[in-house]
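Chemist: sequence first, then the predicted structure, then my questions.
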Amino acid sequence: MSLDHQIPVDTSTAWADRPLPTDRQGWTDRAREVAALVSATAFERDLAGADPHTEIGWIKDAGLLGLQGPVAHGGGDADWATVLDVVAEFAKVDGSIAQILGWHYAYTWLFRSFGTPEQRERWEAEVTRERLLVEGIANFRDRPIGARDEGEEIVLNGGKQFNTGLPVADRVFIGAALEGTDDVFFVYTAAHQPGITYGEDWDTLGQRSTGSGSATVTDLRVPWTDALGFADKAFVPQPANSTPGLTSQTLMPVFYVSLARGALDRAAEYVRTRTRSWLHSPYERAVDEPYILDGFGHLHSHLLAAEALVRDAGEKVSAALRSPNEVTAEQRGDLAALLSAAKTVAVDVGVEVTTKIFELTGARSTARDVELDRFWRDLRTQSLHDPVAYKRLQVGVHLLRGEAPLAVDWYS
């Protein structure tokens with residue numbers, strides 16, 4: 001669904017005369033500026049379940065889509081820790097935009113983890129220079145799209161019931177498998193062309209502005225040269241093939257703790273400015289109520305601990321990804337178990353924060369225009385995509401049996 005917004009600034013010129021950031025803090029500051037614009041339209045988009053065409057335009061104008069791309073083409077050549085900081089700024093105000101942007105970064109990481117040197121150079125330059133948004137028809141929960149080899153081309157047919165950001169994407173990765181095999185590979189192609197149909201059937205509790213929904217691929221022809229990591233129609237494996245799960249699994253806990261942080265900050269401001277003390281209370285101000293002070297102290301303390309764990313895990317993954325072809329199976333296993341632990345804590349704390357704040361802010365804080373409910377709905381919806389019970393199992397198995405989470409999909 002499309003929705004026109006009143007644009008508060010002309011973002012095509014807002015950053016035109018300003019150089020791109022050159023360090024982690026600079027990119028985080030740039031993300032915070034754009035997130036402030038996104039925040040102003042989040043309420044309206046959430047109510048309508050609208051696709052964020054305007055907001056993605058702001059992100060493009062700010063140069064954020066090329067964050068990982070080569071500096072020579074207008075990118076930031078940023079590490080993964082910087083990516084996570086940028087995504088966190090958006091998640092603090094709008095889980096939907098954070099999800100779209102986070103998956104863009106995860107998908108563009110495929111250039112480095114699966115692509116041939118020629119593909120990486122060509123596609124990273126294109127995405128960065130043209131400020132393209134990359135998403136995917138690649139969810140591992142469904143069967144891969146069927147692929148048929150027809151000489152110089154691959155013919156694709158099939159569907160996926162859940163995908164993120166497709167209506168606003170410029171390019172997509174399609175997860176496919178040749179007939180008679182279960183070996184998944186990726187094809188990189190234009191997001192809007194004959195042969196790709198989007199269902200526009202996403203109507204959920206939260207994450208309502210992610211442009212999510214089903215996709216159907218019908219007789220789509222792509223050249224073998226656009227099959228990621230293939231040379232002369234043969235896949236060329238590399239150690240970095242095991243790293244995409246690390247990128248996707250660092251994004252998830254960042255979503256959760258950042259949504260929780262956004263909710264807690266908003267709730268705290270609400271108490272300072274609008275919450276009244278209870279009629280039987282000896283205190284005139286809500287900020288002096290012992291149960292409110294205790295409640296916020298509890299939530300803030302636990303969230304600080306969760307943020308520290310998630311940040312530590314992200315820094316360790318980022319360090320490993322500096323040399324993705326040198327990541328060993330043991331190193332990957334340790335990182336995957338750490339991410340499962342971080343995700344477990346992030347979900348538990350995030351759900352507690354976004355739920356408990358209502359007891360501390362009062363009945364009027366449930367009004368829609370206060371928007372506290374949006375943080376809970378977004379976090380609750382996002383966290384259900386990957387059962388946290390399986391994360392706890394992975395942590396326990398790694399601790400007691402020394403077995404690493406599998407590296408066969410993006411869920412570990």
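Modeler: Perfect, thanks for sending it. Numbering: from 1, shown residues only.
Chemist: and residue 161, what are its phi and psi?
Modeler: Phi and psi for residue 161, reported as degrees, to the nearest 10, are phi -80, psi -20.
Chemist: quick one: residues contacting it.
Modeler: Residues near residue 161 by Cβ atoms under 8 Å, 6 or more residues apart in numbering: 139, 141, 142, 214. Glycine gets a C-beta too; all of them are placed from N, C-alpha and C.
Chemist: skip the chain neighbours and tell me the closest residue to residue 376.
Modeler: Residue nearest to residue 376 in three dimensions, not counting chain neighbours: residue 354, with 3.8 Å by Cβ to Cβ, 6 or more residues apart in numbering.
Chemist: so how far is residue 374 from the one you found?
Modeler: 9 Å (Cβ to Cβ, to the nearest Å).
Chemist: what of residue 328?
Modeler: Residue 328 sits at a distance of 42 Å from residue 374 (criterion: Cβ to Cβ).
Chemist: out of the two, which sits in the more crowded spot?
Modeler: residue 374 (27 against 11; other Cβ atoms under 10 Å).
Chemist: if I look at the more buried one, how far off is residue 366?
Modeler: Plainly put, residue 374 is 12 Å away from residue 366 if you go by Cβ to Cβ.
Chemist: again with residue 310
Modeler: From residue 310 to residue 366 the distance is 28 Å (Cβ to Cβ).
Chemist: ok, the two, which is more surrounded?
Modeler: A direct count of neighbours by other Cβ under 10 Å for residue 310 and residue 366 places residue 310 higher, at 27 against 11.
Chemist: now that one: closest residue in space, sequence neighbours ignored.
Modeler: In space, residue 310 is closest to residue 253, 4.5 Å off (Cβ to Cβ, 6+ apart).
Chemist: so what's the one you found up against?
Modeler: Counting by Cβ under 8 Å, 6+ apart, residue 253 has contacts 306, 310, 313, 339, 342, 343, 345, 346, 347.
Chemist: count of neighbours near residue 86?
Modeler: 29.
Chemist: do the same with the one 10 residues further on
Modeler: Summarising burial for residue 96: neighbours were counted as other Cβ under 10 Å, giving 31.
Chemist: ok, it to residue 379 distance?
Modeler: Counting by Cβ to Cβ, the gap from residue 96 to residue 379 is 12 Å.
Chemist: now residue 156
Modeler: Counting by Cβ to Cβ, the gap from residue 156 to residue 379 is 34 Å.
Chemist: mind checking the SS state of the residue lying farthest from the centre of the chain?
Modeler: Of all residues in the chain, residue 282 has its C-alpha farthest from the mean position, at 45.7 Å, by Cα atoms, centre = their mean. At residue 282, secondary structure determined by DSSP: H, G, I helix; E, B strand; the rest coil is coil.
Chemist: ok, and the closest non-adjacent residue to residue 268?
Modeler: Nearest one to residue 268, counting by Cβ to Cβ, 6+ apart, is residue 296 at 6.4 Å.
Chemist: need the contact list for that neighbour.
Modeler: 264, 267, 268, 271, 360.
Chemist: the first one reaches residue 356, doesn't it?
Modeler: I take that to be residue 264. No. Counting by Cβ atoms under 8 Å, residue 264 does not reach residue 356; the two are 9.5 Å apart.
Chemist: more neighbours: which of these two?
Modeler: Counted by other Cβ under 10 Å, residue 264 and residue 356 do not tie: residue 264 has more neighbours, with 22 against 18.
Chemist: can you pull the contacts of that one?
Modeler: Taking Cβ under 8 Å, 6+ apart, we find residue 264 in contact with 296, 299, 300, 303, 353, 357.
Chemist: tell me the predicted confidence for the fourth one.
Modeler: Going back to what we said before, that points to residue 303. In this model, residue 303 is scored at 98, pLDDT.
Chemist: am I right that it falls within a strand?
Modeler: No. Membership of residue 303 in a strand is not supported by three-state DSSP, which gives helix.
Chemist: ok, now which ones touch it?
Modeler: 257, 260, 261, 264, 349, 353.
Chemist: assign the nearest residue in space to residue 52 that is not next to it in sequence to helix, strand or coil.
Modeler: If you skip the residues right next to it in sequence, residue 52 has residue 209 as its closest partner in space, 5.4 Å away by Cβ to Cβ, 6+ apart. Reduced to three states with three-state DSSP, the structure at residue 209 is coil.
Chemist: and the helices in the stretch 251-400 of the chain?
Modeler: 290-321, 329-361, 372-383, 388-401 (DSSP state H, counting those that start in this stretch).
Chemist: count the neighbours of the residue nearest to residue 376 for me.
Modeler: Neighbours around residue 354, by other Cβ under 10 Å: 26.
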